[in-house]
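With the input below, show me the fold.
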Amino acid sequence: MKLTTRSGLHQNLGEYLRGKRVTAGFTQAEIANKLGYSSPQFISNFERGLCSPPLKNLKSLVKLYKINTDELIRLIIDEQKQVLSSALGNRSKRN
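A predicted model of the protein is given here:
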């Protein structure tokens, strides 16, 4: 999927985190509770790409979902690179 906006980054990150949550066997409500939120709406918002989780929450999600940090960092950097390239008019292919 080619990204041209910042929301594209949020969407891919959200889809990735949703997949990891489901694989780990958690519901949105359980994760919201573990992060100190009274409603699963916050989890739903970043899983749908409306926003990105704050870094402190991302760190908690890495532990809860047993995410490989290198994989997550690579996803975020690759997607941000596409967003920046598009914004700056660079039409080169992804490396």
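
Summarise which helices and strands the helix or strand harbouring Q82 is packed against.
Using DSSP states H and E, Q82 falls within helix 69-87. Other elements packing on helix 69-87 under the criterion 3 or more CB pairs under 8 Å, 6 or more residues apart in numbering; DSSP states H and E are helix 6-24, helix 55-65. No exception for glycine: its C-beta is placed from N, CA and C like everyone else's.

Just tell me which of these ends up closest to R74.
Among these, helix 6-24 comes nearest to R74, with 10.8 Å by CB to CB.

elements contacting that closest one?
Using 3+ CB pairs under 8 Å, 6+ apart, helix 6-24 sits against helix 41-47, helix 55-65, helix 69-87.

Tabulate those helices (TSV), appending mean pLDDT and mean neighbour count.
Below are the helices and strands packed on helix 6-24 laid out as TSV (pLDDT from 0 to 100; neighbours: other CB atoms under 10 Å):
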stretch	mean pLDDT	mean neighbour count
helix 41-47	96	19
helix 55-65	96	15
helix 69-87	90	14
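
A32 - nearest residue in space that isn't next to it in sequence?
P40 (4.4 Å; CB to CB, 6 or more residues apart in numbering).

residue contacts, the one you found?
27-29, 31-32 (CB atoms under 8 Å, 6 or more residues apart in numbering).

re earlier: so for Y16, which of the helices and strands packed on helix 6-24 sits nearest?
Closest of the helices and strands packed on helix 6-24 to Y16 is helix 69-87, at 5.9 Å (criterion: CB to CB).
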